[in-house]
Every structure is written in C-alpha cells, then in structure tokens.
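Peer 1: I need the structure of the sequence given here:
(2 chains)
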2 protein chains.
Amino acid sequence: MAGSGGSGAPGLEALRARMDEVTMRMVGLLKERTEIAVGIGRAKRSAGLVVADAGREESLRRRVAAECGALGLDAAMGSRLLDLLLDESVRVQSGGAGAPPAAPRREPRPSMFQRAKALEAGGRRIIHMEVGEPDFAPPPEAERALAGACAAGRTRYGPPKGTPELRAAFAEYARRYGASPGAEDVMVTPGGRFSVFLAMSALLSPGDEVVLVEPAWPAYRDCAELAGAAVRAVGTSLEGGWVPRLEDVERAASGPAARMLVLNYPNNPTGRVLPPGTMDGLMSLAAERGLYVLSDEIYSEHAGPSSGWKSALSYGYGRAVTVQSLSKSHAMTGFRAGFAVAAPPITDRMARLQAVCLTSVPDPVQHAALAALGADVSGRTAEIRSRLRALQSRASAMGLRFLAPDGAMYLFATPGNGAGFDGTALANRLLGYGVAVAPGEDFGGYGRYVRISACLGVDELMEGMDAVERALAEGGGVG
Amino acid sequence: MAGSGGSGAPGLEALRARMDEVTMRMVGLLKERTEIAVGIGRAKRSAGLVVADAGREESLRRRVAAECGALGLDAAMGSRLLDLLLDESVRVQSGGAGAPPAAPRREPRPSMFQRAKALEAGGRRIIHMEVGEPDFAPPPEAERALAGACAAGRTRYGPPKGTPELRAAFAEYARRYGASPGAEDVMVTPGGRFSVFLAMSALLSPGDEVVLVEPAWPAYRDCAELAGAAVRAVGTSLEGGWVPRLEDVERAASGPAARMLVLNYPNNPTGRVLPPGTMDGLMSLAAERGLYVLSDEIYSEHAGPSSGWKSALSYGYGRAVTVQSLSKSHAMTGFRAGFAVAAPPITDRMARLQAVCLTSVPDPVQHAALAALGADVSGRTAEIRSRLRALQSRASAMGLRFLAPDGAMYLFATPGNGAGFDGTALANRLLGYGVAVAPGEDFGGYGRYVRISACLGVDELMEGMDAVERALAEGGGVG
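Peer 2: Purely as a prediction, here's the structure:
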C-alpha cells in the first residue's frame, strides 16, 4: 500500500482534490434524493401503493442507460450506481434510515416442501408430490462406500475443488454428453444447487443482469439476487410448448449489463426439452453477446430417449457452466453430491469461493459419490418414466391441461377451465388433505399452474391425484 | 407491484421528475469522477504506485462521514455510496471499464495447506504442522452411525436448519457453557466455517464494518469481504499477551457503519484465552453499540482447565452468534459438521440463506454428528494438550518466542532474534523439506511469525521441529 501522504506523482494532489469535491457533491445529491424518496414513500402510502415499483424501475433504468450512452460512461457502472440508489430508496421508504441491515432483496419464503416436512415432523402423513425426490434407496455401491468411509480414512479436509479421483470420474461421466472434459474442468460441490450458487456468486457483480427463461426452479432467481444481480425473465406458455422465443431472449439480453443466460433442460417444472434448433440459437446468441451460460442439466438422465436433448457441453463454449448432480439420477438427494463442468478459469473462481465458505465437500460423501458412479441406474430412470406416464393418463382423464413431458419427472398442469384458477389456493387446500404439490407461482408467477412430481410409487401417486380431484371439485383451486 | 403509469398519488409525478433529475446529475458526476480516476491511475502508474491506497481511502471515508453529519444524511448510506465509488475507481484504474466482472476484492490465495496437499498428491511425504486437523480417527460412535445411515433411511433432503433431534442435541451440548439455549436457537451447518459465512452474509450489508482482533483465522476477513463489508482490524502483540486493548476496539468500532465484532477464543493462532474482565468489557461495548458479536468457539474443548475461558453464550446477548464445530474436538474435520447458536431471528435469516445455496446439510453427516455427541472425547483433548506441551518445550529450547498457550492447539512463534525474520520465507523453505507450517502473514500481516500446529504425534512433531531448526540455522527465515 502506498503511504497516505499521497505525494510522489505529478498532478496527483490536484486530481485528488477534484475527486474529493465530486465525491462530496454526490453525497449532497444522495441526501437530496433521499429526501425526495421519503416524500414519495409518504405519497405512496397515502395512496395505498407499494414501495417497490417494477415498471418505474424499468423506465429509470432505460433513462440511465441512455444517459450513459450519451456521456460515454460504461453502462454497467451506471447500472451499479442506480442499483445502489434504488436500494437506498426502498430502504428509506420502507423503514427509515435506521432500519436493520438489508437481507437479500427478496427473502425466500419457506417452500411447500419445508411446510410439508414441518407437518410431517408433527406426526402427519404427507404424500410428497411437491418435491423432486425419488423414493428409491441410493445405489448399494454408494451405501457400501459410505459404510466403509471411516475405515478407508475418508474423514479429512480435502482440496476445495474435490478429490482428484472423483473429479476425473465425473469428467468421464460427463463425456456421454458429447464432450470431452478433463478432471481440470470439473469441480465437486455439495449438490447441484451449490454449483448454481458458486457460479453466480463467482461470475456476477452487483448490477449485472441474468436472463432467465420461466417458469423456472426458484433457486436461479434466489442465487442471482444473492449475488446482487437483477433477473430479466423471459416468459413462455403452455400454448407455445414452453419454448422461449429467440427474439424474446434477445430482447432480455440486449442491455449492456446482461451477463448470464440460465438454461435448464430437461426443464423443471415443465418437462420440456428444447428443439435442437432453439438450443443452437440460444448458444449462438450467448456467444455473440459474450454471456455466460449456466446450463443446469441435472435431469439429463431423465431426458426421454427420443427427446433430442442436447447438452450445453456439446457446444464447447468457453463461458458455459454445466451443472450436474447425483440427487435425482442416483436417488442421493440427502448426500448433497453434485458437480460443475466449466473451463478452469471459471472453476478456479468457484473453487476459491468454496474454499472460503465451506473448505471442502464432506469427504465421506465424495467417497460414496465415486462408488455411486459404478452403479447401473437405468432401471430407476425407466421407473420414473413409467410413473410419469401413469400420472399423465390420470391427469388427462381429470381434464388437466399440460405439455406431455419430454423428460424430467414432473407435470406442470392447470385445470381445463384455467381462467380464475389459483394454484396456490389449491396447494394450500391439498396440504390440509395431507397431499403436497408445488404452486406454479413459485416458478416465476405461473399462478394458474401446479407442479406435480412423479417421484412416488403409482399407488401413492393415484391416491394423491384422488385428493387433487376432490379439491378441484370442491372449488379448492379458486383463490 | 403498482403499474408503470405512476399516477394515483398527489404530487407523485412531480417528485419522481425531481428524483430522475437528481439521478441523472449523479450519473453525470459519476462520469466526471471516473475520468478523474483514470487520470489518477495514469499518474500513479507513472510514479510506480499501486492502485489501492488504504490511507487515502481512510481519509476520504472520514470526510464523507463528516459531510453526512453536516447534512443530516445517514452515515451508513454515505458509506455505501463511497464503497461503490471506491470500487469503481479501482476498477477503472486497474483495467478499464471493460474489465471482467469483479470477484471478491481480495481473491484468497491457495493456503499453505492446499499447497502442501498438492505436493502430497504428487507423492511427497509432508509433515502437516500447518493445519488444525488432529490425526485421530473420528469417535467409533460416529463411524458406526455413518455406516448405518443408509439402512436408517438417512439419505434425504432435510430442513434447512438441520434435523430437530440434532438441533436439540447441540443445544444440550452447548449448555455446558453457562447458558440454556433451546433447539430453536441452534442451526446446523456444514462445518463452523459455513456458520461464519452464513452469519456474515445474513447480517451484514455492503458498506458495513466488521471489527476483527488480529492475528486471526483468515476466514473471518474472507467471509466479511464476500458480504461486501469492510474490516477494521485491531492489532495485538506478543508483548501485550495478544490481548486487545479495549480502547483500540472502541476506536475501531466507533464508525457509524460498525456492525459486528468478531471474537475467537481460545484463539487461533495465538492460543490466548481472554482474561474475564476483557471479555466482559468487549461484550459491554458490543451491547452499547448494538453490534453483532460473532464468537467462534470451536476450540472451547481445548481451553486449558484453569484458563478462565468464558463463552459468549454465557452473556445472554441477543445479538451474539456463537459458532461451534465437531472438527477439532471430535476429529471430524472432513465430515463438515458444525453449528451456530443465536436468537431465532438470526438463525432464521441464516437458515433462509442456507436453504438458497445448499438446501440442507448432508443427512448422513447429521446422523453421524448426533451419534458423535455421545462419545467421550476428553482423552483426545488431553492428548492435544500434552503434544502442545512437548512442542512448547522444544520451541523454547530452540530459542523461539511465543505465548504459552491457554488453549487451542497451536504455537504462534518467532525466533528470539525476530527482527528481519520472514515467516513466509521460512514456511516456503520448510515446504521444500517436506514440512508445512502456516506463515503468520495469513493471519493479518504478522509476517514475523509462523503458526505451528500440535495435531500430530510427538515423534512427528519433533521431526518437523528438527527441520525448523535446520532451516533457521541456514538462514531460511530471512526474506
């Protein structure tokens, strides 16, 4: 560090004095802006309006971007300043300057799964159709390895990227997806979710934008917001086959702060696999714009055999991060065993972050994960496909509308008379019957849908669907 | 969300127009400031100065705080604006506006442990005196439980705070420290480090300040910076018995953005336990200022019997977060089994964050951790104390200077002729001899020290100390 005296370079003192002056003028304007914000908050409250206002934020964001263009100022920088100002406005409008330190902007609510688990802990029987957790046991290979982990001395701290053997084995495993990653491209994480968290935290800065095709697993939005990034959502529809339109993605990615495109195929919740042409188009778009692609492919083993599913790995794109997990394919949800595949400059950044917050993935878990890769899980994926077909037949017979899934293990469904239907009201009512389904609003405002998981045996699934039918007949889906 | 039209409240439009105007003026000033920053960067480079400048930052910080006081603007808000501006300055001075997205400000380097492990993976024998990892096996109770986890069905997702049984058992365990927490005050995390990460990320906002007594375990600074907080370090010295002076802590905590005090006793790396009066004073100070106290007490079982160690728990302070772990006491480093004790509003926030990034702690690990609590580990802690005594004798005989540790499992030592001694140079040289020690600079700039861990058997420790003696005799500690 240089000394604080600050001489030693010609003209430095004068520049610093000017900089201080500009800084103080900005502080003064911040004060002015804060007072206006308090006034606006008061006016809004008296008119019964809420503090945050997406449309207004959007228009101000556009003005700032235009101003940056006119001034020749880096637009991402302008966007970061605006982010700070918007945060401060919400803060003073919400609770005054003395309010407690802000948490992530949107505090995630307890999920339906957490609510169902809490009921279960209280002694209730729950049919879990809200969660993607196959009811199989883990492969015996994993069980044996876990049992022998201590005897094998697998109880110590390890490298932040994962053990070399497991990374090599995961790389080998990923080669089935039309690519040839090496161990150096792999990092082990405690579950696929942690890969998403690490990738977003390592690659995004506050003010960056993440393009997200919805409906989507809520973790993407939660992790993006945790990294201080803003989500630009691209909507899709049942009528459009849940396929995003390229021009919509292009528009969402057109801002100067766009930094990452999130893909998840086979898709949770819709079961959609992208037509290869669409996947090609999205990868080209990302390459043109220099966007990171976060491709969550944890349902790859659950892609229908004729679905035409294509891994992001197969494009050899240097800014792609592919996420994988043993949770669904190997019924190892509770082990927290996942991994990411990306170029070493990316996995290095993710590993530094993992070293800071976790040290390393539990060693017994890594030992079991390596053994699990030796198991044949094709019987399990076939069983899930067959359960999904049974669920489809029953749902069709009940008059539910949904896309026949290309993969994954869910139906994303709405009653035939969808108008006026409230998926959250239905889910809440069903929980009273001991049946849990996931409300569509959790996936990005698709409130007219519920997601039904095919992870249980057919008898239990049918029992759950009986309850859905009864609840709908009783008007349980009208909010 | 309200519509974007924005009418509906009297005077709202006029206020918004003024706000837009103020925002655009700030964008203009940001541009101006950026150009000055580029000029300063150029002047600094031509004078051979580095970009970041702690003294200069400190003085600007004071000016902004004073300006906030004069204007009646919340000083924390001014501090957050300044943080953003300083970040932008470093960005343009370092690499221009098109530089890749910023990572955490200080990218953690691979630790000595990671370097030693990499050598080991390449076939070298390493004597690990750089890491706090007892060479014992985990308790047989934990081993048996881990082996039976799959048969017991402990392979599923769980609640983000941890299983109710384990939380109750940890609460019971913590009662030995003069407090009576309940299960509702406990959350399970994958290791103590993850508790530190969660507490800081959940409780701190960008611009907040964390007061940290140094030398200190690097994780505190890394996790604080990850949360966007600034660290205000309080230095201590061997001559002062590594006890912080209350007035120094008071000064570091005097800024309006001060939010958290981090304590770690028994201390890593010095082995110090605070005199009870000092601990009382620090807790009173925190209460007066409304600071969070993050008290990392993972060496509590390694507090010497007559050390007078006192847990932060015993103060019943509502803003305290106490961190615990089975890593050291139960030789379960690789399991990643830790927990935090805090009031439910705090653990709730930590749990939401854990749900977002991890889902839940691996279930087999929780199963093993519960069983481990039934083990008698007093023999292990006695063994570590005896090793530490042997290490002390040898180090004294070699003329090293250090505080006779009150607890933990390290010596933080420097040669008698400390002047001119470079602990990092010694550590690097020792690694060439197959002996790893931790350089003092990792603990906050105590470059004249090394930390020597007493986690190995006495024979290996003595072999390692032979190498230290040889390296010192060869002048290996002079940089």
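Peer 1: got any ranges where the stretch 51-200 of chain A has weak pLDDT?
Peer 2: In the predicted model of the stretch 51-200 of chain A, residues A:51-55, A:58, A:90-109 satisfy pLDDT under 70.
Peer 1: for it, what spans make up the helices?
Peer 2: Using DSSP state H, counting those that start in this stretch, the helices assigned to the stretch 51-200 of chain A run over residues A:54-71, A:75-95, A:112-121, A:140-147, A:164-174, A:192-203.
Peer 1: where does the stretch 251-400 of chain A dip in pLDDT?
Peer 2: Residue ranges of the stretch 251-400 of chain A with pLDDT under 70: none are present.
Peer 1: Could you list which residues are in contact with A:Leu204?
Peer 2: A:Val210, A:Ala224, A:Ala227, A:Gly228, A:Ala229, A:Arg259, A:Met260, B:Pro101 (C-beta atoms under 8 Å, 6 or more residues apart in numbering or on different chains). C-beta: built from backbone N, CA, C; applies to glycine.
Peer 1: surely the second one meets A:Pro218?
Peer 2: No: taking contacts as C-beta atoms under 8 Å, A:Ala224 lies outside contact range of A:Pro218: 10.7 Å.
Peer 1: Deepest in the core, which of the helices of the stretch 51-200 of chain A is it.
Peer 2: The highest mean neighbour count among those belongs to helix A:192-203 (a mean of 27), with neighbours defined as mean count of other C-beta atoms under 10 Å in any protein chain shown.
Peer 1: For it, C-alpha coordinates in PDB please.
Peer 2: What follows is helix A:192-203 as a C-alpha-only set of coordinates in PDB (Å, rounded to 0.1, in the frame of the first residue of the first chain):
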ATOM      1  CA  GLY A 192     -26.200 -29.000  -7.900                       C
ATOM      2  CA  ARG A 193     -27.700 -26.100  -6.100                       C
ATOM      3  CA  PHE A 194     -24.300 -25.200  -4.600                       C
ATOM      4  CA  SER A 195     -22.900 -25.200  -8.100                       C
ATOM      5  CA  VAL A 196     -25.500 -22.700  -9.100                       C
ATOM      6  CA  PHE A 197     -24.800 -20.600  -6.100                       C
ATOM      7  CA  LEU A 198     -21.000 -20.700  -6.700                       C
ATOM      8  CA  ALA A 199     -21.200 -20.000 -10.400                       C
ATOM      9  CA  MET A 200     -23.500 -17.000  -9.900                       C
ATOM     10  CA  SER A 201     -21.500 -15.600  -6.900                       C
ATOM     11  CA  ALA A 202     -18.200 -16.000  -8.600                       C
ATOM     12  CA  LEU A 203     -19.200 -14.700 -12.100                       C
END
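Peer 1: just checking, what packs against the next helix or strand after it?
Peer 2: On the C-terminal side of helix A:192-203, the nearest following helix or strand under DSSP states H and E is strand A:209-213. Counting by 3 or more C-beta pairs under 8 Å, 6 or more residues apart in numbering or on different chains; DSSP states H and E, the packing neighbours recorded for strand A:209-213 are helix A:218-226, strand A:230-234, helix A:246-252, strand A:258-263.
Peer 1: Could you export the ones you listed to a markdown table, including columns for distance to B:Ala152?
Peer 2: Conversion of these to a markdown table gives the following (distance: least, C-beta to C-beta, whole Å):
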| stretch | distance to B:Ala152 |
| --- | --- |
| helix A:218-226 | 28 |
| strand A:230-234 | 40 |
| helix A:246-252 | 46 |
| strand A:258-263 | 37 |
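Peer 1: State the distance from the residue lying closest to A:Leu263 once chain neighbours are set aside to A:Pro266.
Peer 2: Nearest residue to A:Leu263, sequence neighbours excluded (C-beta to C-beta, 6 or more residues apart in numbering or on different chains): A:Ser295, at 4.7 Å. When distance is defined by C-beta to C-beta, to the nearest Å, A:Ser295 is 12 Å away from A:Pro266.
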